[in-house]
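Asks: Okay, predicted coordinates and the sequence, questions at the end:
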Amino acid sequence: MVMLDIRNLRVYFEILKGKVKAVDGVSFQLDRGETMGLVGESGCGKTTTAFAITRLLPFNGHVVGGEILFNDMVLARADMATEMLELLERERWLPRVETLFERRQNAMQVLKEKGLGEMPGESEILLAEEEIFLEEVGDILAIKDRVAPEELKEMLSKAGKAETTGFFADRRKRKIEKEIEAKMTAIRWSEISMIFQSAMNAFNPVYRVGDQIAEALLTHEDMSKDEAHQKVLELFDLVGLKPDRVTGYPHEFSGGMRQRAIIAMALALNPQLIIADEPTTALDVIMQDRILAEIRDLQKEMHMAMIIITHDISVVAEVSEKIAIMYGGKLFEQGDIVSIFENPANPYTIGLTGAFPSIKGKKKRLKSIPGSPPDLANPPLGCVFHPRCKLAQDICKEKMPPTIEVAKNHRSYCHFAEEIYTGKMKV
Ligand SMILES: Nc1ncnc2c1ncn2[C@@H]1O[C@H](COP(=O)(O)OP(=O)(O)OP(=O)(O)O)[C@@H](O)[C@H]1O
Ligand SMILES: [Mg+2]
């Protein structure tokens, strides 16, 4: 059994002018004890992925597609009707709606076999609703040639609303969400913990930092107050904080000290999975190295898995065996770090690795990738990277690329993954 299984995750934010497609079809798996680096330029969806896993998305962020499983427990699963509608709407400008529809039907078949829902009777309700929705969407598709795109959009959104905001659908959704939330509360910090990008907000300003960590220990573990206090001192020592800081309040800590305290908090309960979002950016270089080495040692010793999020590909090279390279809400290349560094199969990875200095290789000028990341509220058609890609051809402007497995544990999202991997095409 894989520990963390993320399947085709899509997270959208609702904003006034529409939707920000922050995470758009991300899949990866992580086993116990493994470390994966999640790398990409600012705004590509790294933190959003982490928040989806830990169920800490802001109020306007929703999982609209896919699912997240942790030791086979569902942490997030998109409402099927919403998911289907999103897919149909997203592809409405393409002449491929029928194929898509067929694909969805096949997917539904698989889901039917697999079984939906957690509670008795839930599967039947979900499936019945799905049947109705399929029928409605089918009718709409049948008449799509006779109606204007705007009208079609309205019809689709009505069909979607009926399913997703109807009284029963709502009640059902709330019930499921409440159950998942309760499970997550039980395992947050103890089984999955997170080192936040902005350590500023991670602690409650009116309680002493040491007390907050002790509180987490006392809530989840069977220990006395004295033992908890002792453990907090050990953790402080581990991350390089002086023992007298234990009684300090968050505002008395510098940015770097707060960062170290949140690392202590994340390690406190020996979680199975740590998600570290830019864990060392607020620290000086010496402290960065020390903390990274320590996190790495502890993680090895306790067999914890880790997702380390960073802009800096050299940090990943130091601590991970897996890497996932993200751009515009999608994973462009992922898998075994050695295979990807030695033989990248994606123009974006090649651009990104060229943008960082190599420690061993000969000195060369740093390249940056020309252009800027896409507007995720209005991403380009086809491959989101095509406007910046040196190799872009017509197909890249029109069609989203497939994810191709170029080698064992090495996948690339590019129309020309194979050609780049084998060296037939050079970036
Ligand atoms: N609450 C929100 N409402 C609307 N859009 C949001 C919200 N939070 C994030 N976004 C958008 O979602 C996209 C992904 O953001 P995210 O914070 O996940 O990026 P990131 O990869 O973590 O970037 P960074 O490296 O700068 O931390 C960005 O375009 C961002 O503007
Ligand atoms: Mg971030």
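Replies: The structure has been received and is ready for your questions. Ligands and ions are numbered 1, 2, ... in the order given.
Asks: Return the residues of this structure in contact with ligand 2.
Replies: Proximity of the chain to ligand 2, by CB under 5 Å from the ion, involves residues Lys46, Thr47, Gln197. In short, each C-beta sits where N, CA and C put it, glycine included.
Asks: Closest residue of the stretch 201-350 of the chain to ligand 2?
Replies: Residue of the stretch 201-350 of the chain nearest ligand 2, by CB to the ion: Asp277 (5.8 Å).
Asks: Now that residue: phi and psi?
Replies: phi -90, psi 100 (degrees, to the nearest 10).
Asks: could I get the residues of the chain next to ligand 2 as a markdown table with neighbour count and secondary structure?
Replies: Below are these laid out as a markdown table (neighbours: other CB atoms under 10 Å; DSSP: H, G, I helix; E, B strand; the rest coil):
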| residue | neighbour count | secondary structure |
| --- | --- | --- |
| Lys46 | 24 | helix |
| Thr47 | 22 | helix |
| Gln197 | 19 | coil |
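Asks: In the stretch 101-250 of the chain, where is pLDDT below threshold?
Replies: Applying pLDDT under 70 to the predicted model, the residue ranges of the stretch 101-250 of the chain that meet it are 101-174, 199-200.
Asks: gap between Met73 and Ala305?
Replies: For Met73, the distance to Ala305 equals 15 Å [CB to CB, to the nearest Å].
Asks: Could you do Pro347 as well?
Replies: Taking CB to CB as the criterion, Pro347 is separated from Ala305 by 30 Å.
Asks: Kindly identify which of the residues of the chain next to ligand 2 also come near ligand 1.
Replies: By CB under 6 Å from any ligand atom, the members of the residues of the chain next to ligand 2 lying near ligand 1 are Lys46, Thr47, Gln197.
Asks: List the contacts of the residue in the chain that ligand 2 sits nearest to.
Replies: Taking CB to the ion as the measure, the point where the chain comes nearest ligand 2 is Thr47, at 3.1 Å. Residues in contact with Thr47 (CB atoms under 8 Å, 6 or more residues apart in numbering) are Gln197, Asp277, Ile309.
Asks: and stretch 2-16, which residues are buried?
Replies: Met3, Leu4, Asp5, Ile6, Leu9, Arg10, Val11, Tyr12, Phe13 (16 or more other CB atoms under 10 Å).
Asks: In the stretch 201-350 of the chain, which residue sits nearest ligand 1?
Replies: His311 (5.8 Å; CB to the nearest ligand atom).
Asks: I'd say that residue and Cys44 touch.
Replies: No: the pair His311 and Cys44 does not pass the contact test of CB atoms under 8 Å, sitting 9.7 Å apart.
Asks: And those two? Which one has more around it.
Replies: Remark: of His311 and Cys44, Cys44 carries more neighbours, 26 against 16, as counted by other CB atoms under 10 Å.
Asks: Check the burial of the residue of the stretch 201-350 of the chain closest to ligand 2 by counting its neighbours.
Replies: Around Asp277 there are 22 residues (other CB under 10 Å).
Asks: Bridged to it, which residues?
Replies: Here Asp277 sits in beta bridges with Ile309, as judged by DSSP bridges.
Asks: host element of the residue most central in space within the chain?
Replies: Centroid-nearest residue in the chain, with CA atoms, centre = their mean: Thr49, separated by 2.1 Å. Using DSSP states H and E, the element containing Thr49 is helix 46-53.
Asks: Just the angle for the following helix or strand past that helix relative to helix 46-53, thanks.
Replies: Toward the C-terminus, helix 46-53 is succeeded by strand 61-70 as the next helix or strand (DSSP H and E). For strand 61-70 against helix 46-53, the angle by axes from the mean of the first three to the mean of the last three CA atoms, to 10 degrees is 60 degrees.
Asks: Counting by contacts, list what strand 61-70 packs against.
Replies: Using 3 or more CB pairs under 8 Å, 6 or more residues apart in numbering; DSSP states H and E, the elements in contact with strand 61-70 are strand 4-15, strand 18-30, helix 46-53, strand 73-77, helix 80-90.
Asks: what does the fourth one rub up against?
Replies: Strand 73-77 is contacted from outside by 9, 52-53, 55, 63, 66-69, 118, 176, 180, 183-184, using CB under 8 Å, 6+ apart.
Asks: So which residues on the stretch 101-250 of the chain come close to ligand 1?
Replies: So the stretch 101-250 of the chain meets ligand 1 at Gln197 (CB under 6 Å from any ligand atom).
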